[in-house]
Structures are given as C-alpha cells and as structure tokens.
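[1] here you go, sequence then predicted model.
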Amino acid sequence: MSDHDIDPTSPRMAPKPEVTKIDGRELKPSTLMMGYGYDPVLSEGSLKPPIFLTSTFAFPSAADGKRHFEGITGKRPGGADGLVYSRFNAPNQEILEDRLSVWDGAEDALSFSSGMTAICVLMLAYASQNDVIVHSGPLYAASEGFVAKVLAKFGVTYVDFPAGATREEIDAVIEKAQAQADEQGGKVCMVYLESPGNPTNALVDIEAVRASVDAAQLDCPIAIDNTFLGPLWQRPLDQGADIVVYSLTKYVGGHSDLVAGSIAGPKKWMEPVRMLRNTMGGICDPNTAWMLMRSLETVELRMNRAGENAAKVCEFLAQHPKVEGLGYLGMIKDARQQDIYDRHCKGAGSTFSLLLKGGEAECFRFLDALKIAKLAVSLGGTETLASHPASMTHLSVAEGRRAELGISDNLVRISIGIEDPDDLIADFTQALETV
C-alpha cells in the first residue's frame, strides 16, 4: 500500500514522505529496517511499533467504510484505503510488508501465517481447473505434494524440469506444458521455481526461465521460493522472476521462535493473491509480524555471520575422509551450476547438504552424536541445525522420486548458525568419529 493510499488517521504510516535518500544516496535496506513505514508520533512517541491486538478498526465516517470495502471486495481497484479488519490488513502486518518489499526491490508484499500458507494461497489464486503448473525440481516436499496431490483433485497437472536445465531444455518443457494444457482445456497458469532447491542446493537459471516464458508468450507469473538465500544473497526479481516467496520462519525470522511466510512482487501479480487471502484468511498475526520486524533489523548481521561460519565449516568437512561430498554453493564443481551462481547469487549461504560415506545408519549415528548442533528440521536460525531429509522433511516423497532428485539416504542437511566456528568444527569432528 503506497503512502498516498494511507488513511492519515492510521497509526501504521506517517503522513509525511518516507526518508529513503540522503543527498541523493539511496539508503540501504539495513538502514531502512530501523523505521521504514512507521512514525512514532502516531503511536504516542513509541520508538518501536506497538503490537496492535485488535480484530477491527473504527472508520472516520460511513463513507470511509464504504470506500474501504469497495477496495477490499474489488469493486474499486487498489485495495482498501485504510485499516478495515484484521483478516485483511492491520498496522503490524502492513509495516512488515513494507519492509519486506524493500529487501527485494518489490512494489508490494503480503504476509502469511506460514510459508506453506503463502505458497498454497499463491497457487490457488492462479490455478483454475485443468490448468498446468510448470515447476523446477527438487521442491520442498510439501510444495511438491500440494501440486501433485491437492491441486490434482481439481484437474491441475504439472510438468517439471531439473534445476540447472538449459534454455533449450526449459523451452521443451514449456512446449510440453502448453500442449498438455491445450489437451486438458486449460492454460499454463504458473511457472514455480525453488532455487536453491531443498535440500540439494541445486540452482535454477532464472534468466533462462524468463527468456523461455517470454518467447512462448505465456501470460502467467514466474514465482520462486527464495528461502535458502533470501533476502541477502539472492534477489530473483532482478533476474526476471515476478514473485518471490519466503518461509519467513527461516532466515528472516532467524531465531527459531516463529512461523510465517510472505510473497512479494508487482501489484499486478499481488492483487489476485491479496483478494484470495482476504477471503481465506491466513494473514500473519500481529505478534508474529512484530517479532519479524525485530528480526529484520539484524537479518544482515546474522546472515553474514552464518555465511562466514559455513565457509569455515565446509572447508573442514571437504577434507574429511568420511565425507563423500558437499552440496555447498561456495564449492560448486559443476560448470553449469557455477555459471548460474555467478550470475544470480551474492553469497553462498549457510545451508548445505553433507554427503557421508554410507547410508541412513551412518547419518543417524552422526546426527545422534552431535552436541552443539541440534537435531531438528528447519534452517536459518541463530543455532546450527542438522536433519536427514530422506527420512524426515522429504519422507512423503516417493523413493524413486527422491533418487531422481538426488535426495539420497546418505544426505544430511545442515544449517549453520552464528556460534563460534571452531566450536562447530570440534562438534562435527567428534560426531564424524562415530560414523
């Protein structure tokens, strides 16, 4: 919601222009996180936004109420002019969404109660009966399952391609999807990417996907799950994606104490999702939004420290005799993947896959022996986490499909935190002795 659309009585936004430049210098996102979208004057001088625990908001007049609902219901373009009802919008959520937009250079953003809520509402907003979704692989298991099992109930099918596919290979997949859509009486409704892919860290060539979609003259969004590298190490909108998707639970939240999700992009692509969110609910709650604003103030510091730690830990692991390989973006061996990384990424991240010599039994012994790193799913927190995707996060994926995607029984996913790196290396050393 832009400044000129805001009700001046709203406590969430200052009526004065936002300070985004000083002497012509564009302020960095890390600076804007300290106050963007909020004026203390409108909340009794409180330096930080209060948590607004209310379900509804009083209108200045009946005419204002009518105008707001015209926006909410779509009778008038542009959405509500002010605060209406907490299923639609609320101060904490709107401040959060403004700040999320800053990181990706997006026109608009929407917050959700979880990353999967964001993904499901996004797909439902664009998929109609008999449509086709094109997606990369691997995807997070719940994302892939929603397409293959839930949307399939409504005649929605999919065509997928491996991360790292070339322009020619993507062209062929798009062509196949168009033929499939024609046969079903639908359309290609979305291209959905995950890059890096979970849990292999395989990268998708976003620029090649953009070129392929444009050449095919598809009128559908390219959406990408940027959870592994965003918002610091990759800005997919710069490479041609239309919508960027996050599990805010991970690096943005960063403390393993909340669950939330978001999407960001041009208003053109956000509005259909906003309208469906207004109907279904699923907006992030005010307390979680407040905690995410707290986290956004330190996200750059946390991600940089975790990235530095991961580089040191992976340098050690790469030399260990019991390690078969690493899926770490700072040590790419494939020329195609390195080319994508060089064009798309600003950093290697701190989540990677560790391939041990052996299988499930060896991975379990390693995981059970860890003393500092915690055996838990999720990633991007201040603490180091380790898990076994084949038997945990991706257990619902068929065994053959897991093998096809490179999710093997000897793969451990590790998310490095902000502990002392030498302590982490000592922990991995003693745990590997048990393998």
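    Yes, it's here. Nothing here was measured: the structure is a model prediction, and the numbers come from that model. Numbering: from 1, shown residues only.

[2] quick one, strands of the stretch 151-300 of the chain?
    For the stretch 151-300 of the chain, the strands defined by DSSP state E, counting those that start in this stretch cover 157-162, 188-194, 222-225, 243-247, 261-265.

[3] let me fix that: the stretch 301-435 of the chain
    323-327, 351-356, 374-375, 385-387, 411-415.

[4] tell me which element the closest residue to residue 282 other than its chain neighbours is part of?
    With sequence-adjacent residues excluded and distances taken as CB to CB, 6 or more residues apart in numbering, residue 282 is closest to residue 117, at 4.4 Å. Any C-beta I mention is one placed from the backbone N, CA and C, and that applies to glycine too. Using DSSP states H and E, residue 117 maps to helix 115-126.

[5] next secondary structure after that helix?
    Past helix 115-126, the next helix or strand by DSSP H and E is strand 132-137.

[6] neighbouring contacts of that next one?
    The contact list for strand 132-137 (CB atoms under 8 Å, 6 or more residues apart in numbering) reads 123, 127, 144, 147, 151, 156-163, 165, 173-174, 177-178, 180-181, 184, 186-195, 197, 204, 404-405.

[7] can you rerun that using 7 Å?
    Applying CB atoms under 7 Å, 6 or more residues apart in numbering, the external contacts of strand 132-137 come out as 127, 147, 156-163, 173-174, 177, 180-181, 186, 188-195, 197, 204, 405.

[8] how about stretch 282-302?
    Under the criterion CB under 7 Å, 6+ apart, residues 30, 33-34, 49, 51-53, 87, 90, 92-93, 95-96, 99, 111-113, 117, 121, 231-232, 248, 251-255, 258, 260, 277, 382, 418 lie in contact with stretch 282-302.

[9] drop anything exposed from these.
    30, 33, 49, 52, 87, 90, 92-93, 95-96, 99, 111-113, 117, 121, 231-232, 248, 251-254, 258, 260, 277, 418 (16 or more other CB atoms under 10 Å).

[10] bridge partners for the residue most central in space within the chain, pull those for me.
    Geometric centre of the chain, nearest residue: residue 246, 1.7 Å, by CA atoms, centre = their mean. Bridge pairing for residue 246 (DSSP bridges) gives the partners residue 262.

[11] ok, it touching residue 226?
    Yes - counting by CB atoms under 7 Å, residue 246 sits close enough to residue 226 to count as a contact (6.2 Å).

[12] domain assignment for the chain?
    The chain breaks down by automatic domain parsing into domains covering 1-111+266-297, 115-248, 299-432.

[13] from those, which stretch is densest packed?
    Most buried of the domains of the chain, by mean neighbour count (mean count of other CB atoms under 10 Å): domain 115-248, with a mean of 21.

[14] got the contact list for the worst-scoring helix or strand of the chain on mean pLDDT?
    Each helix and strand of the chain was given a mean pLDDT (mean pLDDT, DSSP states H and E); the minimum falls on helix 399-405 at a mean of 87. Here helix 399-405 makes contact (CB under 7 Å, 6+ apart) with 137, 138, 200, 390, 394.

[15] tell me which of these is nearest to residue 304?
    Within the contacts of helix 399-405, the smallest distance to residue 304 is 23.8 Å, found for residue 200 (CB to CB).

[16] I'd like the distance between the closest residue to that closest one other than its chain neighbours and residue 355.
    Nearest-residue entry for residue 200: residue 406, 4.8 Å, with adjacent residues in sequence omitted and distances by CB to CB, 6+ apart. Distance, residue 406 to residue 355, by CB to CB, to the nearest Å: 10 Å.

[17] ok, now residue 165?
    Using CB to CB, residue 165 is found at 22 Å from residue 355.

[18] before we move on, what about residue 343?
    Counting by CB to CB - residue 343 and residue 355 are separated by 26 Å.

[19] contacts only, for residue 279.
    No contacts exist for residue 279 under CB under 7 Å, 6+ apart.

[20] and it, how close does it get to residue 86?
    14 Å.

[21] now swap in residue 153 and tell me
    Residue 153 is 31 Å from residue 86, by CB to CB.

[22] and residue 284, by the same measure?
    10 Å.

[23] how about residue 326?
    As defined by CB to CB, residue 326 lies at a distance of 45 Å from residue 86.

[24] what pLDDT does residue 8 get?
    With respect to pLDDT, residue 8 scores 41.

[25] try residue 77
    Value for residue 77, per-residue pLDDT: 80.

[26] try residue 187
    98.

[27] for it, which non-adjacent residue is spatially closest?
    Closest to residue 187 by CB to CB, 6+ apart is residue 181, at 5.2 Å.

[28] residues contacting the one you found?
    131, 132, 187, 188.

[29] correct me, but residue 374 touches residue 382?
    No - with contact defined as CB under 7 Å, residue 374 and residue 382 do not form a contacting pair (11.0 Å).

[30] which intervals of the stretch 301-435 of the chain have sub-threshold pLDDT?
    Within the stretch 301-435 of the chain, no stretch falls below the threshold (pLDDT under 70).

[31] before we move on, back to that, turn the strands of the stretch 301-435 of the chain into CSV, columns for distance to residue 74.
    Formatted as CSV, the strands of the stretch 301-435 of the chain follow (distance: least, CB to CB, whole Å):
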stretch, distance to residue 74
strand 323-327, 44
strand 351-356, 39
strand 374-375, 46
strand 385-387, 42
strand 411-415, 40
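
[32] closest to residue 311 out of these?
    strand 351-356 (10.3 Å).

[33] beta-bridge partners for the spatially closest residue to residue 328 that is not a sequence neighbour, please?
    Here the nearest residue to residue 328 in space, its sequence neighbours aside, is residue 352; by CB to CB, 6+ apart that works out to 3.9 Å. Beta-bridge partners for residue 352, by DSSP bridges, are residue 414.

[34] state the distance from residue 352 to residue 271.
    37 Å.

[35] can you check residue 291 too?
    27 Å.

[36] which strand or helix spans the nearest residue to residue 271 once chain neighbours are set aside?
    Once flanking residues are discounted, residue 271 sits nearest to residue 79: 7.3 Å by CB to CB, 6+ apart. Using DSSP H and E, residue 79 sits in no helix or strand.

[37] all helices in the protein, in order from the N-terminus.
    29-32, 62-72, 91-104, 115-126, 141-145, 167-184, 206-215, 267-280, 286-296, 299-318, 335-344, 360-369, 399-405, 421-432 (DSSP state H).

[38] got those as JSON lines, with distance to residue 414 columns?
    As requested, the helices of the chain are arranged in JSON lines below (distance: least, CB to CB, whole Å):
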{"stretch": "helix 29-32", "distance to residue 414": "26"}
{"stretch": "helix 62-72", "distance to residue 414": "44"}
{"stretch": "helix 91-104", "distance to residue 414": "25"}
{"stretch": "helix 115-126", "distance to residue 414": "20"}
{"stretch": "helix 141-145", "distance to residue 414": "18"}
{"stretch": "helix 167-184", "distance to residue 414": "30"}
{"stretch": "helix 206-215", "distance to residue 414": "25"}
{"stretch": "helix 267-280", "distance to residue 414": "33"}
{"stretch": "helix 286-296", "distance to residue 414": "21"}
{"stretch": "helix 299-318", "distance to residue 414": "8"}
{"stretch": "helix 335-344", "distance to residue 414": "19"}
{"stretch": "helix 360-369", "distance to residue 414": "10"}
{"stretch": "helix 399-405", "distance to residue 414": "18"}
{"stretch": "helix 421-432", "distance to residue 414": "9"}
